[in-house]
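K.L.:
missing the sequence, but the structure's below:
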């Protein structure tokens, strides 16, 4: 798996290492391209983006997605659009982890990532923190709501 250490300003966002490849502020249309790298088993809570579609383009690894109650499997080179208003989540299924791009417009997801992230101290994935506490889930839910993202269910496991 490629090392992101040569990339500008890597961040740790939840259990992933992210790099904003194209920032919303970079162009006139507000597009954002974020590269993510996550360990086996990573899965965000089931959620809905209220203000923007989200495109996933898989670079490395195998993923299981749940989109509007339907299961999908994706691997390297495959792309999935999750429309705004549609509940979705993923699960990294490959033992070596996964790497993908998310592409959004309007900047809400990018602003959420930046608000929740911290500077990466190294170019490796953050240490697994285990399941989030009830307080951590409450904080994540509140922060997500500020950016038009609604947490509607648990992660996939």
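P.N.:
Great, that's in hand. Every value quoted in this text rests on a predicted model; they were computed, and no experiment measured them. Residues are numbered from 1 along each chain as shown.
K.L.:
pretty sure residue 107 contacts residue 32?
P.N.:
Yes - checked against CB atoms under 8 Å, the pair residue 107 and residue 32 is within contact range at 6.1 Å. Yep, even glycine has a C-beta here, placed from its N, CA and C like the rest.
K.L.:
quick one: which of the two has more around it?
P.N.:
residue 32 (24 against 18; other CB atoms under 10 Å).
K.L.:
Can you pull the phi and psi angles for the more buried one?
P.N.:
phi -130, psi 130 (degrees, to the nearest 10).
K.L.:
Same question for residue 81.
P.N.:
Here the main-chain torsion angles of residue 81 (degrees, to the nearest 10) amount to phi -100, psi 130.
K.L.:
Give the residues shared as contacts by residue 107 and residue 32.
P.N.:
Taking CB atoms under 8 Å, 6 or more residues apart in numbering as the contact rule, residue 107 and residue 32 both touch residue 24.
K.L.:
tell me the secondary structure for the residue located most distally from the centre of the chain?
P.N.:
In the chain, the residue that sits farthest from the middle, by CA atoms, centre = their mean, is residue 28; the gap is 23.2 Å. The three-state label for residue 28, taken from DSSP: H, G, I helix; E, B strand; the rest coil, comes out as coil.
K.L.:
now residue 137
P.N.:
Classification of residue 137 using three-state DSSP returns helix.
K.L.:
list the contacts for it?
P.N.:
For residue 137, counting by CB under 8 Å, 6+ apart, the contacting residues are 45, 151.
K.L.:
Over to residue 140?
P.N.:
Going by CB under 8 Å, 6+ apart, the list of residues near residue 140 reads 14, 45, 116, 132, 151.
K.L.:
now swap in residue 103 and tell me
P.N.:
Applying CB under 8 Å, 6+ apart, the residues near residue 103 are 31, 32, 33, 34, 54, 55, 57.
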